[in-house]
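>>> would you be able to build a 3D model of this:
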Amino acid sequence: MKIGIDARFYGTKQRGIGRYVKKLVDGLVEFDRQNHYVIFFTQDNIKDFKTTNPRVTKVLFNTPWYSLAEQLTGHRVIKREKLDLMHWPHLNVPYFATAPYVLTIHDLIINRWPDSRASTLPKWLYWLKIMAYRQVVKRAVRRAQKIIVPSNYVKQDLLKTYSLSEDKVQVIYEGYFLADGQQTMAITHFKITKPFLLYVGSAYPHKNLERLLKVFKKLNQEKKYQLVLAGRTDFFFERIKRMAAGDADIIFTGFVSDSELAALYQEAQLYIFPSFYEGFGLPPIEAQAHGLAVVASNTSCLPEVLADGAVYFDPHSEAEMLSAIKSVMENPKLKKDLSLKGSLNVKRFNWAKTVKETHSLYLSSSR
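Numbers count the residues shown, from 1 in each chain. Sure thing, here's the model as predicted:
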């Protein structure tokens, strides 16, 4: 069988989806030496992928994601390869795609949490793009052979939104990043000098970082702590930076390498995840894997994936968020208990399992 995978997101610079694509592609070409894989990359990441598998072909697919060109002409690149099955690991399937395909839907944020602040476009153009994109997603969902989702929460959300048959949607949990061995790298270059709370991820409006800043200022009236926000600098992080201007205890790291990320997880006092909506919630699972106590929203998939390894709060309530953070920061026994429960919880997730279950789905989809 000739299987194609859109790997334009390949690499950790593209945050959670990028890590998912990287782990999936790397794992599949190592695990499966029978089928032929055609992997589509951009000019920016095609050199990052290396394999000894002779049944792998790399193809340049330099059309930007979320673009009009992707929707109108992207199918031509795929069609030339004469695939038996294509895997689109995100919602942006070209409108005229013809090859049978599997689709991964990480969340329905575009349906559940549209917000013009999540774009640099003018408001009228943002809402026009949202309407067009919803039609693209609706078509992609209808025409997919199978749909992969990362949690039961997203599956139920998807079934309700598009009235799909339950057997069309399969939950395949993702894995997580875990440092190999102990990280000894110092993180002093981030100017971290106090016990700190950690957040890792993007700064889109649904991540609720504005409220987190307000809560942290209430927590830190005695200037005992620091808040470290790790994520690639972009328009949205710049906006949050302006809100935090003048507070030396709020640190923005910008993009961090895997070794830096591991050191942050291992040195933090607590991981805080105030998001309104998530499809899987990879960073708090990574925090649990590194033995870090987690405080998280009680919404969407988070109770499902974090289980009893977190203290939960209503993300709309500053009082609840503050109380949850204090309950962990001021209680060493609770912090240790969360660390142990989190370490047990993450045993449910690993990339090898993700790869094997995805491979099985490919085989069943081609029949």
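>>> pull out the buried positions in whatever helix or strand I78 lives in.
Per DSSP states H and E: I78 is located in helix 68-79. For helix 68-79, burial by neighbour count (16 or more other CB atoms under 10 Å) applies to E70, Q71, G74, H75, V77, I78. (C-beta placed from N, C-alpha, C; glycine too.)
>>> gap between the residue nearest to the fifth one when sequence neighbours are not counted and V171?
So the one you mean is V77. Leaving aside its chain neighbours, V77 sits nearest to F61 (5.0 Å; criterion: CB to CB, 6 or more residues apart in numbering). Look at F61 and V171: by CB to CB, to the nearest Å, they are 28 Å apart.
>>> between those two, which has more neighbouring residues?
More crowded of F61 and V171, by other CB atoms under 10 Å: F61, with 21 against 15.
>>> low pLDDT regions in the chain?
The model of the chain has pLDDT under 70 over residues 14, 113-122, 124, 126-127, 180-186, 366-367.
>>> try 80
For the chain, the stretches with pLDDT under 80 are 12-16, 65-67, 110-130, 132-133, 179-188, 366-367.
>>> okay, now the domains of it?
What automatic domain parsing lists as the domains of the chain is 2-175+350-365, 188-348.
>>> what residues are up against E286?
If you count contacts by CB atoms under 8 Å, 6 or more residues apart in numbering, E286 has them with Y176, F177, L178, V200, L261, Y265.
>>> and if we set it to 10 Å?
16, 19, 175-179, 200, 261-262, 265, 271, 292, 294, 346, 349 (CB atoms under 10 Å, 6 or more residues apart in numbering).
>>> again, but for I3
Per CB under 10 Å, 6+ apart, neighbours of I3: 28, 32, 35-39, 55, 83-87, 102, 359, 362-363, 365-366.
>>> and T253, by the same measure?
187, 189-192, 198, 200, 228-233, 237, 260-261, 264.
>>> so is the residue located most distally from the centre of the chain in a helix, a strand, or just coil?
Going by CA atoms, centre = their mean, the residue of the chain most distant from its centre is E222, 34.2 Å out. Three-state call for E222 (DSSP: H, G, I helix; E, B strand; the rest coil): coil.
>>> residues contacting K223?
Counting by CB under 10 Å, 6+ apart, K223 makes contact with K194, D247, A248, D249.
>>> setting aside sequence neighbours, what's the nearest residue to the last one?
Leaving out its chain neighbours, the residue that sits closest to D249 by CB to CB, 6+ apart is Q226, at 4.6 Å.
>>> and that neighbour, how close does it get to T253?
For Q226, the distance to T253 (CB to CB) stands at 11 Å.
>>> rewinding a little: and of the buried residues of helix 68-79, the nearest to K129?
Here the nearest of the buried residues of helix 68-79 to K129, counting by CB to CB, is Q71; it sits at 11.1 Å.
>>> list the contacts for the closest one?
T63, N92, V93, P94, Y95, F96, A97, A132, Y133, V136.
>>> go with 8 Å
N92, P94, Y95, F96, V136.
>>> so how do I select the buried members of those residues in PyMOL?
Of the contacts of Q71, the buried ones go into a single PyMOL selection, burial set by 16+ other CB under 10 Å:
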select buried, resi 92+94+95+136
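>>> any chance of the contacts of Q71 in TSV, with distance to L338 and secondary structure too?
TSV is the format used below for those (distance: CB to CB, whole Å; DSSP: H, G, I helix; E, B strand; the rest coil):
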residue	distance to L338	secondary structure
N92	37	coil
P94	44	coil
Y95	46	coil
F96	49	coil
V136	41	helix
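>>> just curious, which of the contacts of Q71 is nearest to I148?
Closest approach to I148 among the contacts of Q71 (CB to CB): N92, at 15.0 Å.
>>> so what's the closest one closest to, chain neighbours aside?
Of all residues not flanking N92 in the chain, W65 sits nearest, at 5.3 Å (CB to CB, 6+ apart).
>>> quick one: contacts for that neighbour?
Contact partners of W65, counting by CB under 8 Å, 6+ apart, are R8, F9, H90, N92.
>>> which element is it on?
Counting by DSSP H and E, there is no helix or strand that carries W65.
>>> about what we covered before: make a ChimeraX selection of the buried ones in the contacts of T253.
Under the burial definition 16+ other CB under 10 Å, those of the contacts of T253 that qualify are selected in ChimeraX by:
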select :187,190,192,198,200,228,229,230,231,232,237,260,261,264
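>>> next step: the contacts of T253 restricted to strands.
The strands, defined by DSSP state E, take in L198, V200, V228, L229, A230 from these.
>>> can you show me the helices along the stretch 201-350 of the chain?
Applying DSSP state H, counting those that start in this stretch to the stretch 201-350 of the chain gives helices spanning 209-219, 235-243, 258-267, 282-289, 302-306, 318-329, 332-345.
>>> please identify the deepest-packed of those.
Comparing those by mean neighbour count (mean count of other CB atoms under 10 Å), helix 282-289 ranks first with a mean of 27.
>>> hang on, L28 packs against H359?
Yes. At 6.3 Å, L28 counts as touching H359 under the criterion of CB atoms under 8 Å.
>>> those two: who's more crowded?
Taking neighbours as other CB under 10 Å, L28 and H359 compare with L28 leading, 24 against 18.
>>> ok, now which ones touch that one?
L28 is in contact with I5, Y37, V355, T358, H359, counting by CB under 8 Å, 6+ apart.
>>> tell me the buried residues in the helix or strand harbouring it?
Per DSSP H and E: L28 is located in helix 15-31. Buried residues in helix 15-31, counted by 16+ other CB under 10 Å: 15-29.
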